[in-house]
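[1] I need the structure of the sequence given here:
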Amino acid sequence: MWAILKRQIIGIHHWVSPKHLSRYAAEMTWRFNHRDMGVTNRMNAIFSGLEGRLRYKVLIA
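    Alright, predicted model coming up:
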């Protein structure tokens, strides 16, 4: 799991702040746990899990 997270950070994000590391780890965990789903089902699961808008001020606070 750590190897996958490391590859995700290096390959996709290029850099991760310690403040948001838990969010990146949660995203990778979700992807790993849903890797056997089809694309349509995965997108439906993503949209059903949305809780609203994340405002920039909240993100940087």
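[2] ok, the residue sitting nearest the centre point of the chain to residue 33 distance?
    In the chain, the residue lying closest to the centroid (Cα atoms, centre = their mean) is residue 27, at 2.2 Å. Using Cβ to Cβ, to the nearest Å, one obtains 11 Å as the distance from residue 27 to residue 33. C-betas here are computed from N, CA, C, even on glycine.
[3] before we move on, the earlier item: in which helix or strand does the residue nearest to the centre of the chain reside?
    Using DSSP states H and E, residue 27 maps to helix 21-33.
[4] show the subsequent helix or strand relative to that helix.
    Where DSSP H and E defines the elements, the next helix or strand beyond helix 21-33 is helix 39-48.
[5] what lies in contact with that next one?
    Residues outside helix 39-48 that contact it (Cβ atoms under 8 Å, 6 or more residues apart in numbering): 34, 37.
[6] and the following helix or strand past it, how far from the chain's centre?
    Proceeding N to C from helix 39-48, the next assigned helix or strand is helix 56-60, under DSSP H and E. Centre-to-centre, helix 56-60 and its host chain are 17 Å apart (Cα atoms, centre = their mean, to the nearest Å).
[7] output helix 56-60 as CSV, restricted to C-alpha atoms.
    Extracted as CSV, the C-alpha positions of helix 56-60 are listed here (Å, rounded to 0.1, in the frame of the first residue of the first chain):
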residue,chain,number,x,y,z
TYR,A,56,-10.9,27.5,-1.0
LYS,A,57,-10.8,29.3,2.3
VAL,A,58,-11.7,26.0,4.1
LEU,A,59,-9.0,24.2,2.2
ILE,A,60,-6.2,26.5,3.0
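[8] all further residue positions should be reported with the first residue as 4.
    All right, first residue 4 from here; so that's helix 59-63.
[9] any buried residues in it, and which?
    Buried residues in helix 59-63, counting neighbours by 16 or more other Cβ atoms under 10 Å, are absent.
[10] pLDDT on that helix, on average?
    Mean pLDDT, computed over helix 59-63, is 85.
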